[in-house]
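J.: sequence first, then the predicted structure:
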Number of protein chains: 2
Amino acid sequence: MARYKIHVEYEGTNLVGWQRQKNGISVQEILENALFKLTGEKKIVQGAGRTDAGVHALNQVAHFDIIKKIKTDAIRDGLNFHIKNLYKKVKISVLKCKKTNKNFNARFDAKERTYLYKILDRRPPPAIQNKKVWHVKKKLDEKLMKKAAKVLEGKHDFTSFRSTECQAKSPVKTINSLKIIRKSSEIEIWIKAKSFLHNQVRIIAGTLMMVGKAKWKKKDVENALKAKKRGAAGQTAPAYGLFLFSVKY
Amino acid sequence: MARYKIHVEYEGTNLVGWQRQKNGISVQEILENALFKLTGEKKIVQGAGRTDAGVHALNQVAHFDIIKKIKTDAIRDGLNFHIKNLYKKVKISVLKCKKTNKNFNARFDAKERTYLYKILDRRPPPAIQNKKVWHVKKKLDEKLMKKAAKVLEGKHDFTSFRSTECQAKSPVKTINSLKIIRKSSEIEIWIKAKSFLHNQVRIIAGTLMMVGKAKWKKKDVENALKAKKRGAAGQTAPAYGLFLFSVKY
């Protein structure tokens, strides 16, 4: 038995997210089924971030144990082959596979996760970026967003910024950095933390959008944080604008 | 009667290209039908570049004449509304609409067209960029590609670099610039000219790919150009890696 670490890129559209669920097909289930086809072993594939339905990943990390001895490149290629064969319409690509030590845990050993949230702020709808960007019809002021983002950096009680269904024991999290970058008609929100609450990035994106529209001020974000209740922050931005960018160990 | 100039973004997947054709749905037909819904007028929408089936556009330019008086913003929004209503699965977005003078011709007045060809050069398949990048499994050497690209810049007889079905009278074209840019696992080929021959950009991409694989040398590209026959150059790279980036007037 050996443990392997994989990096995975996927388009979240039409998937129920990372985690196995009864109501549809998940990235985890697809990887586990492809792994079974490759090795004949029924194993759990444990991911670093449990991305929601519709959320994309550029570099999700996961681990699994298998008994069968296969070269890492052959695992990567074999998984990609079986994913393509089993699921015609799904877009999941295993980028890397490496042998790792038996104690490595993709979820619990992660030191920092980086998420990217993309907003297209122009009146016409997206054609090329369809389902990979949140379309906001009004031009946003990224300078206001940058100032307000500062409020959320650091260690805070993020009760207002988590789903009411969030199961984390503590609402206290530390955001290592929160950057706003303008790229022509797109605003990118880059956010780094050891871990996140459920929907935290999407609620932050929804709140900063209100600031960008100049409907909310920096002070309103401060008040939302202080209020410690979900209704005090902005809307949960749609899943399809969100990308799990990378995981650091 | 007034003439209008529009900028259009589209995903070429599932479309037969810009131009009206009997075998499927084209961008031109969709725009003309949306325009008819909006104005009740059956008009021709003339595009700057006749992109092939599967080719995308970030800024296609087109013009048309209508009698009905509508504000330009209402034309843009109205076209987008009717496109979405008439064609559920198609991704076409009218970015801008401006009134222009009656002599303006989107196709014949263009001074320069910029195309972008994207190659993903890594072994695992694309997930996020699926159908928007050419997947080449071997790492390409962009330095070799840059040197060979120099051969194709300037005025040449591009007979070897045009489809055998190309209807242009002369095979002589002037490439204003041909740049290769590496962006992590992607190679971007940026190419500018007043006008292009049929499949010229895609054959250039297919040829430079051979150079990137080190299967062809700069000298082979020179020889391909001199040979003046289609078989002498590389393959026609797939349509879905190609984007009409902009048109200058």
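T.: In hand now; what should we look at? Residues are numbered from 1 along each chain as shown, chains lettered A, B, ... in the order given.

J.: return the residues in contact with A:K192.
T.: In this structure, A:K192 makes contact with A:112-115, A:175-178, judged by Cβ atoms under 8 Å, 6 or more residues apart in numbering or on different chains. Glycine gets a C-beta too; all of them are placed from N, C-alpha and C.

J.: now swap in A:R162 and tell me
T.: Under the criterion of Cβ under 8 Å, 6+ apart, the contact list for A:R162 reads A:168, A:171, A:197-200, A:203, A:230.

J.: among the residues you listed, who's most crowded?
T.: Per-residue neighbour counts (other Cβ atoms under 10 Å in any protein chain shown) across these peak at A:Q200, which has 25 neighbours.

J.: that one contacts A:F161, correct?
T.: Yes - in this structure, A:Q200 sits in contact with A:F161. The criterion is Cβ atoms under 8 Å, and the distance is 5.2 Å.

J.: nearest to A:G212, of the contacts of A:R162?
T.: Ranked by distance to A:G212 (Cβ to Cβ), the contacts of A:R162 are led by A:I203 at 14.8 Å.

J.: from B:W134, how far out is that closest one?
T.: Taken as Cβ to Cβ, to the nearest Å, the spacing of A:I203 relative to B:W134 amounts to 38 Å.

J.: quick one: residues in contact with the biggest helix by length in chain A.
T.: With residue count as the measure and DSSP state H as the assignment, chain A has helix A:72-86 as its longest helix. With contacts defined as Cβ under 8 Å, 6+ apart, helix A:72-86 is touched by A:4, A:6, A:30-31, A:33-35, A:37-38, A:70, A:90, A:92-99, B:123-125.

J.: switch the cut-off to 7 Å
T.: Counting by Cβ atoms under 7 Å, 6 or more residues apart in numbering or on different chains, the neighbours of helix A:72-86 from elsewhere in the structure are A:4, A:30-31, A:33-35, A:37-38, A:90, A:92-94, A:96-99, B:124-125.

J.: sheet partners, orientation included, of the helix or strand hosting A:N176?
T.: In this structure, A:N176 sits in strand A:172-183 according to DSSP states H and E. In the sheet, strand A:172-183 lines up against strand A:154-157 (antiparallel), strand A:186-193 (antiparallel) (DSSP bridges).

J.: just after the longest one, pick out the following helix or strand.
T.: It stands for strand A:186-193. Next along the chain from strand A:186-193, counting by DSSP H and E, comes helix A:200-212.

J.: which strands or helices does that next one pack on?
T.: Helix A:200-212 is packed against strand A:112-121, helix A:142-152, strand A:186-193, helix A:218-227, with contacts defined by 3 or more Cβ pairs under 7 Å, 6 or more residues apart in numbering or on different chains; DSSP states H and E.

J.: quick one: mean pLDDT for it?
T.: Here helix A:200-212 scores 98 as its mean pLDDT.

J.: could you do stretch A:116-129 as well?
T.: Within the predicted structure, the mean pLDDT of stretch A:116-129 is 97.

J.: buried stuff in it?
T.: Neighbour counts using 16 or more other Cβ atoms under 10 Å in any protein chain shown place A:116-129 of stretch A:116-129 among the buried residues.
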